[in-house]
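> Sequence first, then the predicted structure:
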Amino acid sequence: MRSARDQVWITGIGLVSSLGHGTAAHWQKLNVQGTPRPVIDPQRFAPYTIHPLAGIDFTKQIPRTSDQRQMERWQKIGVYAAGLALADARLAGDAPLLERTNLCIAAGNGERDLALDARILAAAGPGGAWGAYLNQGLTAGLRPTLYLGQLSNLLAGNISIVHKATGSSRTFKGEEMAGVSAFANAVARIEAGQGELFLVGGALNAEREDALLACELAGALYNGPYRSVWQRREQGGGLVPGSLGAFLVLESSGHARQRGAVPYARISDVLSSRSRRGPGDASAAAAGLFSRLRLNPKAGDLGILSGASGAEPATAEERQFIASLAQRGVNPIVRAWGSMLGHSLEAHFIAGLALAALAVSNEVFYPPFDTSEVESACDVRPDRILVTTFGHWRGEAMALVQSAW
């Protein structure tokens, strides 16, 4: 049973992205003199830009070829990142602890059979039989094994198979808010004494024509020469997807102390809302969430890791919310990690939390990720960082990450 004095600690981080794999690689690439440089690919899916996954040897975390063969790439990314988090928390190979490690996973749909989609679209013609032809083509062309490969909860299943983390398992869907829900669920269950050890995270393979098409059909994809998230509004705004896997080990402080685990940071709050997204709704919802944070009234300088996507009007409303913090005595020092890692939908919020925990642990905040007026240089030794995310379509959330000491 959890002690009333127990806190929720982050004791393990697994992160893979365009910048590399592991905490050391990301800290080195982001904590530099001047402005860090993102890794982008503007050619492969032109006119759209992506942040491609850095070269990774998946066998280092998924050694069996048979396991890799039945996973799609997004699952490999997630299983790899989960393995890094478990190893970082010193859980890898510890069967008694892994048997009690609960999974909270944020996952989207699997990858489509692009060759089949192309054949159906090429053969489709005018006329009233399109619906029947579509059904016939999909029924005859899709393999049952491919369909099974689309199931969102297979990421959790593959983590259990490969890494032997076999506690309870919950999978959440719903783009950015899926990551928020997975994280909030784990925090709430630790605080309620319903578990002491959780693996939380998600993954995105952005290097997919079907994923880019879905974003474009929703009017959310950025089309133009690469700009940071704050600088895309003049070109109509939009997100630049990034391949990414982000996982955290969350643990009650009492359990962590008992096994000698050293925390990166603790979670003070995690709050979310879902406005109707009329003009001003999202910024008002965020202001309401901020007022509920357990934050010292004498806030002063506050590091903010913003999950802004670049999509409009959500990004403009987040800027409005950030600007309003001055009226509360807060000096916001903002960094939007989407400018460096891209936007990763279900995994996005978890990635921001991972970066916040790294900065709190190292007692150094990141330099500006772009040259806009939103992000200014400031010498801050953060003992707390606010992580925000505004869903590109719906959902607003924030979490307060603080020093564990």
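Done, it's in.
> Name all residues that make contact with the nearest residue to Val32 once chain neighbours are set aside.
In space, and not counting its chain neighbours, Val32 is closest to Pro367: 6.6 Å by CB to CB, 6 or more residues apart in numbering. Just so you know, the C-beta spots here come from the backbone N, C-alpha and C atoms, and that holds for glycine as well. Contacts for Pro367 were tallied using CB atoms under 8 Å, 6 or more residues apart in numbering; they are Leu30, Asn31, Val32, Gln33, Gly34, Thr35, Pro36, Ala377.
> does the third one count as helix, strand or coil?
When you say that, I think you mean Val32. coil (DSSP: H, G, I helix; E, B strand; the rest coil).
> Against Ser372, how distant is Ala203?
For Ala203, the distance to Ser372 equals 29 Å [CB to CB, to the nearest Å].
> Have a look at these two and say which one is more surrounded.
Ala203 (31 against 17; other CB atoms under 10 Å).
> in a strand, that's where the residue nearest to Val32 is, yeah?
No: Pro367: not assigned to a strand; according to three-state DSSP it is coil.
> one step back: using CSV, lay out the contacts of Pro367 together with distance to Ala46 and neighbour count.
Compiled in CSV, those are given as follows (distance: CB to CB, whole Å; neighbours: other CB atoms under 10 Å):
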residue, distance to Ala46, neighbour count
Leu30, 27, 19
Asn31, 32, 15
Val32, 29, 12
Gln33, 32, 6
Gly34, 28, 8
Thr35, 25, 16
Pro36, 24, 19
Ala377, 33, 10
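> Mind putting these into a markdown table with distance to Ile267 and pLDDT?
Below are the contacts of Pro367 laid out as a markdown table (distance: CB to CB, whole Å; pLDDT from 0 to 100):
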| residue | distance to Ile267 | pLDDT |
| --- | --- | --- |
| Leu30 | 21 | 98 |
| Asn31 | 22 | 94 |
| Val32 | 27 | 92 |
| Gln33 | 31 | 89 |
| Gly34 | 31 | 87 |
| Thr35 | 29 | 91 |
| Pro36 | 26 | 96 |
| Ala377 | 28 | 91 |
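> Now do the phi/psi pair for the residue nearest to Leu19 when sequence neighbours are not counted.
Nearest non-adjacent residue to Leu19, counting by CB to CB, 6+ apart: Lys29, 4.4 Å away. Here the main-chain torsion angles of Lys29 (degrees, to the nearest 10) amount to phi -70, psi -30.
> Please tell me I have it right and Lys29 contacts Pro38.
No: Lys29 is beyond contact range of Pro38, at 9.4 Å (criterion: CB atoms under 8 Å).
> Val387 and Ala356 touch, don't they?
Yes: under the criterion of CB under 8 Å, Val387 makes contact with Ala356 at 5.0 Å.
> got the domain boundaries for the chain?
Split into domains by automatic domain parsing, the chain comes to 8-113+146-259, 114-145, 265-402.
> Just give me the lowest mean pLDDT stretch among those domains.
Looking over the domains of the chain, mean pLDDT reaches its minimum on domain 114-145, with a mean of 74.
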